[in-house]
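Trainee: Got a predicted structure plus its sequence, pasted below:
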Amino acid sequence: MAIKKNRDRTFRFSPISFEDYVALHAEANRDENERAFRQRLKEAVEAKRAGQLCECGEPIWAIGSAAAHYACFTCITGEVDPSNDYEIDAALRSNEPRSISPPPVDAPVHTTQHRRRRVE
């Protein structure tokens with residue numbers, strides 16, 4: 001079964017700052033080296049900002065790419081709608097849709113296996 005791509009960009013990530021996401025990830029993944037994750041995430045954000053594309057031709061998802069491999073949201077998760085997921089705010093292009101509110105606290109968890117909660 002083919003996965004429909006998000007060509008119309010109507011779905012939106014919830015933006016989160018680099019530091020807030022690193023803190024969320026570190027809290028939920030205490031056994032992972034935070035410094036190493038921070039470096040992988042920084043590289044993924046830089047790659048996305050430089051225009052790195054997934055093998056399917058879509059822009060990569062920086063957060064998912066730091067945890068898995070350089071790929072888009074759909075290729076990493078198998079889902080089309082990223083509205084319950086974060087993306088680093090600096091990685092979102094100015095023309096890329098952004099959600100106004102963060103994902104709900106009880107939103108489903110995907111590749112990074114962390115609980116969603118608001119960071120204030």
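Mentor: On my side now, so go ahead. Numbers count the residues shown, from 1 in each chain.
Trainee: Surely Trp61 and Ile88 touch.
Mentor: No - with contacts counted by CB atoms under 8 Å, Trp61 stays clear of Ile88, the gap being 9.6 Å. Just so you know, the C-beta spots here come from the backbone N, C-alpha and C atoms, and that holds for glycine as well.
Trainee: neighbour-wise, which of the two wins?
Mentor: Trp61 (30 against 25; other CB atoms under 10 Å).
Trainee: Past the longest helix along the chain, which element shows up next along the chain?
Mentor: If you go by DSSP state H, the chain has its longest helix at helix 34-49. Next in sequence after helix 34-49, counting helices and strands by DSSP states H and E, comes helix 62-67.
Trainee: Tell me where the chain has strands.
Mentor: For the chain, the strands defined by DSSP state E occupy 14-16, 86-88.
Trainee: Mean pLDDT for these - can I get that in CSV?
Mentor: Shown next, in CSV, are the strands of the chain (pLDDT from 0 to 100):
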stretch, mean pLDDT
strand 14-16, 93
strand 86-88, 95
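Trainee: will you turn the ones you listed into CSV that also has distance to Ser65?
Mentor: Output for the strands of the chain, formatted as CSV (distance: least, CB to CB, whole Å):
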stretch, distance to Ser65
strand 14-16, 15
strand 86-88, 10
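Trainee: Let me know which of these is tucked in deepest.
Mentor: Highest mean neighbour count among the strands of the chain (mean count of other CB atoms under 10 Å): strand 86-88, with a mean of 26.
Trainee: Low-confidence bits of this structure, can you list those?
Mentor: 1-11, 94-120 (pLDDT under 70).
Trainee: could you redo the last one with a cut-off of 50?
Mentor: Low-confidence segments of the chain (pLDDT under 50): 1-9, 95, 97-102, 107-120.
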